[in-house]
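**Student:** Sequence and predicted structure are below.
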Amino acid sequence: MTLENILLNGMAVITTGLIVGAIFSLVAAGVTIMYGTIWFPNASNGQFFMLAALLMWSLVVNWGLSPFLGAVVVIVGSIPFSLVLEKFLVRPFYNVPNRNIVYFIMTLGLAQIFAGAFTGTYGRWSDQFSLPAAWPGAILLGPFPFPRTRLLVLVIALTLLAGLFVFLRLHRVGRALRAVFQNREAAILRGVDVRRIYRFSFVLAMLVITMGGVLFAMAYGFDLTMAWTMAIIGFAIMIVGGPGSVLGSVVIGMIFGFTQAVVSLFASPTLAAFSYLVVMLIILLVKPSGLFAR
Amino acid sequence: MIFRRAAVVGLVLLALLLPFLLSANRFYAFILGVTYLYVLWSSGMNLLSGFTGLMPLMYAGLAGIGAYTSVNLVMKFGVSFWLAMPAGALAAAVVGVVLGLPSLRLRGFYFTLSGLVIQTALTMLFVYIPQFTGGDTGISQIPPPMISLPGDKSFALTGVWLEEALAVAALLTVYVVHRVTRSTWGKYLVAIREDDLLTEALGIGVTRYRVLAFFISSLFAGVGGAFYAHYMGFVSPRSFDVLTSMNIWLIVGFGGQGTILGPIVGTIILAPIPYIMQELYLYKDIVYGSLIVFTTIFLPRGVYGSVLFHRRNRALSRSSAQGKTEAARL
C-alpha cells in the first residue's frame, strides 16, 4: 500500500466513521429515549428509519422535490404519524405489568408489517435507492475530494446531536424527561405529568429516528436490508451504552460508526453487524444496565 | 371426565385419519402436514413461552440447527433419518442451552432481546457456512425418511405416510408437554413464570428448571426442524430466520399461551394461511405482523385462553356472590 493509499483510506475511514457514527447516534438516541422513559423497546426503529429514507426517495426521485424540501416534509410528517402511533399502540399498555415485553413483541410485529409492505412496494420498484446530491459538487480536504452533501449531512447531524444534548440538559421539558428516566415516582412527586412526558418523548424519539433516516438517505445509497440491520444496531448501541443514557448512545454510536467504516474497508459490512451482536450479547450477560448507566 | 376422555380419543383418531381422508388431494394433504409440523413446533415453544414465561426468539435458529444437522448426516454420511433426526434434536438442544445458558439468568425483556441477538447471529452463521447449509441458495432435493424392512428392503416414507409420521410426532409432542406441565416440576415452571423471586425463595432452583424447560423446548425445535427439512425437501437460511420464530410465537399467543390446546387452535387457524393465499404471498408478512399487533392489543390471552377465562369467570360468579372480584383477580 502506498502512502497515498493509506492516507486515502484513512480519510475515508474518518469521514465515513463520523457521518455513519453521527447517524447511528441519532437513531440510538431515539431508541434509548423511548426505552428510558416509556419502557418502549422499539424493535421497529429500523423500519421507521427506512420509512423516512424511502419517503425521501419517493418525494425527491418520483415527485421531483428538492431534497431539502423533501426532508422538511418527511420530518414534519413524522409528528402526526407518531402521535397516532402513540395513541393506538403505546398508550393502551401503560398499566400492563411487564409492558416492555408486550411492546417488544408488538413492535416486532410492526416491523414485520413494514418489512412486508416495503418488499411488496419499493422492493418491486428497485433494489438500490439513491438520491441526487442535495448540494452538488465536492470540496477539497487537502488533496482529497469530499462530496459537499456529505459534509452538510455531517454538520447537520452533529448540530442535531448537540441540540438534543442541550435540550435535555437545559430546557425545562428536557429536564423533566430526564427526571422520568431516572426515577418515575420522584418525578411525579415533583409535579411532572408523566403521561405527557411519555407522549412527548415518543414523538421526540420518532423525530430523531426520522432525521437519522433522512440524513442517511441524503448521504448514502441504501437498500431494504438496511432496516433490519439498523434495528439491531440501534438496540446494540442502546444496550452497550446503557438504556436511557443519551451520552452512552452518542459515544457508542460513534465507536460503532468507526467500526463500520474500518471493517467495510477490509471485509464485508456483515462482519461489523456480527461484531455488534457479539458485543451486545456480552454486555447483556455481564452488565445489562450498560456501560454509561448511573 | 368420561366425556373429556372420549373427546381426546376422538381427536387423536381424527388426527391420525385425516391424512388418509385428504390423500386424494396432494395440496390439502400438504397443508395438513405443515399444520402438524406447526403443532409440534408451537407446543414445544409453548412449554417455554407459555408455561415458563420466557419468550425464545431464537427458536427458529435452533430448529435450523436440528434441520441442518439431520440433512448433513443423511445426505453426506448416509445416516438413517431415524438416527439423524434425534441427533439433530440433541444438537439443537445442546447448542440452545450452551448459547442460552448465560441468558437464562436474565429476566423478561432482556432474555427476549438476547434471544433476538442469538437468532440474528445464527441466521448470519447459516449464510456464512455454505458447506453445511448451501448458503443463501439453500439445500434442495433432501431425501424423505427411509424405512428399512426385514429382508434388506426399504421404502421411502413419502406422501400420506410421511404426514402420518408427522401426525404421530405432533401428537407425541402434545402428550409430552401435557405430561410435563402436569408433573411437579411443570408446576415449578408455572411458579417461576408467576414470580421467580418467590419461587427461588421457596428453595426451588429457578435456573435449573429454566434450563430443563429450555432443553426440552429446544429438543422439539430440533425435531420439528429435521422433519421440516425432510418433509419440504428444501431448506434455506430464510426458513429459519427471526420471522419464523415470530410466526411460531404468534401461533402460540393467538391460540393461548400456557394452555395445552391453545397452540393447536392457533395452528389450525393460522398455519394454513400462507399456503391458502399463495398468490398473495407478498402480503403474508403484513397479515402475520398485523395479527401479532392485534393479538398483543386485543387478545393477550389468545382465543382458547379467552374461552377458558370466560368459562372460569362464569363458574365463579355462579358459585359465589363475590365471584366478580375474584374473577377479576384471576
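**Tutor:** Cool, the structure landed. Quick caveat, the model's predicted, so the values are computed rather than measured.

**Student:** hey, where'd the helices end up in chain A?
**Tutor:** Under the criterion DSSP state H, chain A contains helices at A:3-33, A:45-57, A:67-85, A:99-120, A:122-125, A:148-170, A:172-182, A:184-189, A:194-219, A:226-241, A:246-266, A:269-286.

**Student:** Tell me who's in contact with residue 102.
**Tutor:** Because you didn't say which chain, this covers chain A. Contacts for A:V102 were tallied using Cβ atoms under 8 Å, 6 or more residues apart in numbering or on different chains; they are A:F93, A:V96, B:T296, B:P300. (C-beta placed from N, C-alpha, C; glycine too.)

**Student:** hmm, I had chain B in mind actually
**Tutor:** If you count contacts by Cβ under 8 Å, 6+ apart, then B:P102 has A:L285 around it.

**Student:** what helix or strand does the residue most central in space within chain B sit in?
**Tutor:** Geometric centre of chain B, nearest residue: B:W41, 1.7 Å, by Cα atoms, centre = their mean. Secondary structure from DSSP states H and E places B:W41 in helix B:26-46.

**Student:** Dump that helix to CSV, restricted to CA.
**Tutor:** What follows is helix B:26-46 as a C-alpha-only set of coordinates in CSV (Å, rounded to 0.1, in the frame of the first residue of the first chain):
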residue,chain,number,x,y,z
ARG,B,26,-52.0,-33.5,-2.6
PHE,B,27,-52.4,-29.8,-1.9
TYR,B,28,-54.7,-30.2,1.1
ALA,B,29,-52.6,-33.1,2.4
PHE,B,30,-49.5,-30.9,2.3
ILE,B,31,-51.3,-28.2,4.2
LEU,B,32,-52.3,-30.8,6.8
GLY,B,33,-48.7,-31.9,7.1
VAL,B,34,-47.5,-28.3,7.6
THR,B,35,-50.2,-27.9,10.2
TYR,B,36,-48.9,-31.0,12.1
LEU,B,37,-45.4,-29.6,11.9
TYR,B,38,-46.5,-26.3,13.4
VAL,B,39,-48.5,-28.1,16.2
LEU,B,40,-45.2,-29.8,17.1
TRP,B,41,-43.2,-26.5,17.0
SER,B,42,-45.7,-24.3,18.7
SER,B,43,-46.4,-26.9,21.5
GLY,B,44,-42.7,-27.1,22.1
MET,B,45,-42.3,-23.4,22.2
ASN,B,46,-45.4,-23.1,24.5
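
**Student:** And that helix, what does it pack against?
**Tutor:** helix B:2-21, helix B:59-77, helix B:159-182, helix B:206-232, helix B:242-255, helix B:261-270, helix B:273-276 (3 or more Cβ pairs under 8 Å, 6 or more residues apart in numbering or on different chains; DSSP states H and E).

**Student:** Would you mind putting these into a markdown table with mean neighbour count alongside?
**Tutor:** Output for those, formatted as a markdown table (neighbours: other Cβ atoms under 10 Å in any protein chain shown):
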| stretch | mean neighbour count |
| --- | --- |
| helix B:2-21 | 12 |
| helix B:59-77 | 26 |
| helix B:159-182 | 18 |
| helix B:206-232 | 24 |
| helix B:242-255 | 26 |
| helix B:261-270 | 23 |
| helix B:273-276 | 15 |
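
**Student:** Indicate which one of these is closest to chain A.
**Tutor:** helix B:242-255 (5.7 Å; Cβ to the nearest Cβ).

**Student:** returning to that earlier point: what's the closest of the contacts of A:V102 to B:Y288?
**Tutor:** B:T296 (13.0 Å; Cβ to Cβ).

**Student:** For that closest one, grab the count of nearby residues.
**Tutor:** 25 (other Cβ atoms under 10 Å in any protein chain shown).

**Student:** Okay, and it sits in which element?
**Tutor:** Assigned by DSSP H and E, B:T296 falls in helix B:284-298.

**Student:** rewinding a little: show me what counts as buried in the helix holding B:W41.
**Tutor:** Residues of helix B:26-46 classed as buried: B:28-46 (neighbour count, 16 or more other Cβ atoms under 10 Å in any protein chain shown).

**Student:** and it, how far out from the chain's middle?
**Tutor:** 9 Å (Cα atoms, centre = their mean, to the nearest Å).

**Student:** okay, the helices of chain A in TSV with mean pLDDT and distance to B:L197 next?
**Tutor:** Putting those into TSV (pLDDT from 0 to 100; distance: least, Cβ to Cβ, whole Å) gives the following:
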stretch	mean pLDDT	distance to B:L197
helix A:3-33	89	27
helix A:45-57	95	31
helix A:67-85	95	34
helix A:99-120	92	17
helix A:122-125	89	47
helix A:148-170	92	34
helix A:172-182	88	24
helix A:184-189	86	21
helix A:194-219	94	26
helix A:226-241	91	23
helix A:246-266	90	28
helix A:269-286	86	20
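
**Student:** and B:M55, which of those is closest to it?
**Tutor:** Using Cβ to Cβ, the nearest of the helices of chain A to B:M55 is helix A:99-120, at 6.7 Å.
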